[in-house]
Structure formats: C-alpha cells, structure tokens
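Enquirer: Here's my sequence, what's the structure:
(one chain, ligands or ions: 1)
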Amino acid sequence: MIDTIKKWIEEADTIVIHRHKDPDYDALGSQWGLKYLIQDNYPEKNVYVLGKNNQFKALPPMDEVDDSIFSHALGIVVDVSQKHRVDDDRVLNTPKKIVIDHHQNSSDFADLFYHQPDKIAAAEVITLMALEWGFTFSTRSAHALMLGIISDSGRFLYKGVNASTFEAASHLMKTGLDLNEIYESMYTDSLNYKRLRGYALSQFEVLDSGVAVLRNEKTIKKDYDVSEFTVSRGLVNVMSQLKGVEIWVNFTETDAGEILTELRSRELPVNDVASKYGGGGHLLAAGCTLASWDACDQLIKDLERKLT
Ligand SMILES: [Mn+2]
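Expert: Got it, this is the predicted structure:
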C-alpha cells in the first residue's frame, strides 16, 4: 500500500493535508511533517496544511487556500479516519483521498486507508513510511514529526511505545534535533494551567470499583481562563498512575450543555465504551460526547462492569 501512496504523491501537483478537529501535536506534527517531507523531496509540488488555527505555537499558522483547488488536488488526511471528525471537509471534494491513521476506527471516506493501530502516533507511521520510501529528512520535517511522537506517547511513557517508536525517534534525532528545546516548547505551562491542575487534583473522586472520575462544570474554563479542550484533554491524566485506579474518566460540560468525555485505562480496553456512545479512539485512550450528566452515570456503570 505505501508504494501506491508514494505513487499518488508523485502524480499530484497539488496536495492538501488535513487532520482532526481540536488538533493535538500528533495531528499537527503529522500534517507539517508530511508537508515538509514532500516539499523537501519534491520541491516543485504545492502542498498545503489545512484546518483551523490553534494554540500550538511550536508550529506555524495553517495555510489558506481557495475552494477551487480541491477538484484537482490529492487529499491526504492524517490522524483521523471518520469524516465527521475531519477539520475542513473541503477535502471530501478531492478526487482521491488517502487516510493515514493509528486510531482503532475504520474509515468512511478513504480511497486508500493506511491503517496502523499498533503505532503510538500518526507521526510515527509517517516517519517509518517515508524511511521506507527513501525520503530525505530535513530538520524541519523531523522537528514536526518528533512533536507528534513525543506528544502521543506521553514522552515515551504510554503503553504501546515499542522498538518501532524508538526506531522512528532515533531516525528523527539524527537530523540534529534539540530535544531540550522541543520539550521546553511543549511542556512549559502557564500559571493558570498549573493552578487548574492543582484544582483538578483536589477534585476528582476515586470509586470503590477502581474508576476515578473528574467532573468539570462549564464555569471552570472561565475561572481559569483556558479552553474547553484544555479542561477536557489536558486534565484527564491528573488521575493517571494512581495506585488502585484502573480506569479514569474526565467529564467536561460545554457551553451547549453537552459533556465531553475522555476515557483512559491502565490495561482494559475502553474504546468499546466510547464507541457505544458514538465516540472512538485507541484501546486505552478514547473519547466521546454525551448529551447530559445523567448519561455520565450510565457510562461510569459501563466502565465499572469491566472491573467486576
Ligand atoms: Mn494521534
């Protein structure tokens, strides 16, 4: 399959690269990493990374393009495979769509689906693919891809990190990356985010079943001047690596009254529970959106059933 992906890239003059809504460093690093890889190896091609701008400052602002380019562009979507989660659905107007993803989901729009659920990051998938293609890696492509691998692996901590993760990282490091600078750019917190984490640490409850639960009302993001995404994704792991806790879940109320739900687990897969409520993700890290606080109690029961 990766030979076909390379062939489609070689045949295209214009390439648009998309990722999921509410991007993280893996989504963005995969986009920029792939863009730079293509440009460094085929300088004549026009490559654009698309989607809303975001708070991640270690990468440049997103590109902007006219609606007219999609009818003749190659579409590549990274780190997501379901169309309702793709940022900027104009990619659906491209004649050929490649999806490169490492989540558990199937794809409902790919013409070519390169699915690698055993890889910790989409950026790892792209790194290893480009290595097999014999592509040259510049520092700029390696930097973007490294952000993705570091972020989705929790700095090489999460389950699923394996020899292949280090193989990809090792290759990227050989371009001369400054790892300290990268960590500095990713993990220097603002004071209000530190305070928010302190608040969250004092708030979550641990149920007898071994499920830890944090409930964030909609006022919290205003109190701490952070985004909804920061509350939802940024706080779930304050409950990680805690003795006696097997599964932890973070509920965040949105302005519309829905509940963003982030699930994490030490050993037992939880993506089936996320799927049951219309979400998805990885085996041990998944998410969904619930209609109300009542539904949260239902979901907690589903998690507790796994532990009995
Ligand atoms: Mn990812």
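
Enquirer: all contacts plus neighbour counts: C-alpha atoms, from now on.
Expert: Fine.

Enquirer: Can you tell me how far the residue of the stretch 51-200 of the chain found nearest the ion is from Asn162?
Expert: Among the residues of the stretch 51-200 of the chain, Ala121 lies closest to the ion, at 4.6 Å counting by C-alpha to the ion. For Ala121, the distance to Asn162 (C-alpha to C-alpha, to the nearest Å) stands at 11 Å.

Enquirer: Who has more neighbours out of those two?
Expert: More crowded of Ala121 and Asn162, by other C-alpha atoms under 10 Å: Ala121, with 31 against 13.

Enquirer: list the contacts for the more buried one?
Expert: Counting by C-alpha atoms under 8 Å, 6 or more residues apart in numbering, Ala121 makes contact with 26, 79, 102, 148-149, 152-153.

Enquirer: quick one: which of those sit in helices?
Expert: Cross-referencing the contacts of Ala121 against helices under DSSP state H gives 26, 148-149, 152.

Enquirer: what's the most distant pair in the contacts of Ala121?
Expert: Farthest pair in the contacts of Ala121 (C-alpha to C-alpha) is Asp79 and Ser153. Separation: 13.8 Å.

Enquirer: Neighbour count: these two, which is higher?
Expert: Each of Asp79 and Ser153 has its neighbours counted (other C-alpha under 10 Å); Asp79 has more, 27 against 18.

Enquirer: mind checking pLDDT for that one?
Expert: pLDDT, Asp79: 98.

Enquirer: Now do it against Asp208, distance only.
Expert: From Asp79 across to Asp208, the span is 35 Å (C-alpha to C-alpha).

Enquirer: hang on, the earlier thing: Serialize the contacts of Ala121 to CSV and add fields for distance to Pro95.
Expert: Shown next, in CSV, are the contacts of Ala121 (distance: C-alpha to C-alpha, whole Å):
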residue, distance to Pro95
Asp26, 26
Asp79, 20
His102, 23
Gly148, 28
Ile149, 30
Asp152, 31
Ser153, 33
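
Enquirer: so which of these also contact the ion?
Expert: By C-alpha under 5 Å from the ion, the members of the contacts of Ala121 lying near the ion are Asp26.

Enquirer: wait, which of the contacts of Ala121 is closest to Leu50?
Expert: Asp79 (13.4 Å).

Enquirer: wait, the closest one sits on His20?
Expert: Yes. Here Asp79 reaches His20: they are 6.7 Å apart, a contact under C-alpha atoms under 8 Å.

Enquirer: where does the protein dip in pLDDT?
Expert: By pLDDT under 70, the chain has no low-scoring segment.

Enquirer: need the next SSE after the helix or strand encompassing Arg215, C-terminal direction.
Expert: Using DSSP states H and E, the element containing Arg215 is strand 211-216. As assigned by DSSP H and E, the chain's next helix or strand after strand 211-216 is helix 220-224.

Enquirer: quick one: the helices in the stretch 51-200 of the chain?
Expert: For the stretch 51-200 of the chain, the helices defined by DSSP state H, counting those that start in this stretch occupy 122-133, 139-152, 163-173, 179-187, 191-203.

Enquirer: Can you lay out the ones you listed as CSV showing mean neighbour count?
Expert: As requested, the helices of the stretch 51-200 of the chain are exported to CSV (neighbours: other C-alpha atoms under 10 Å):
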stretch, mean neighbour count
helix 122-133, 22
helix 139-152, 25
helix 163-173, 17
helix 179-187, 12
helix 191-203, 14
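
Enquirer: who's in contact with Met146?
Expert: The neighbours of Met146, taking C-alpha under 8 Å, 6+ apart as the test, are 29, 123, 169, 172.

Enquirer: before we move on, back to that, please tabulate the helices of the stretch 51-200 of the chain in CSV, including the columns distance to Asp111.
Expert: As requested, the helices of the stretch 51-200 of the chain are arranged in CSV below (distance: least, C-alpha to C-alpha, whole Å):
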stretch, distance to Asp111
helix 122-133, 18
helix 139-152, 24
helix 163-173, 26
helix 179-187, 34
helix 191-203, 41
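
Enquirer: closest one to His72 among those?
Expert: Ranking the helices of the stretch 51-200 of the chain by distance to His72, with C-alpha to C-alpha as the measure, places helix 122-133 first at 23.4 Å.
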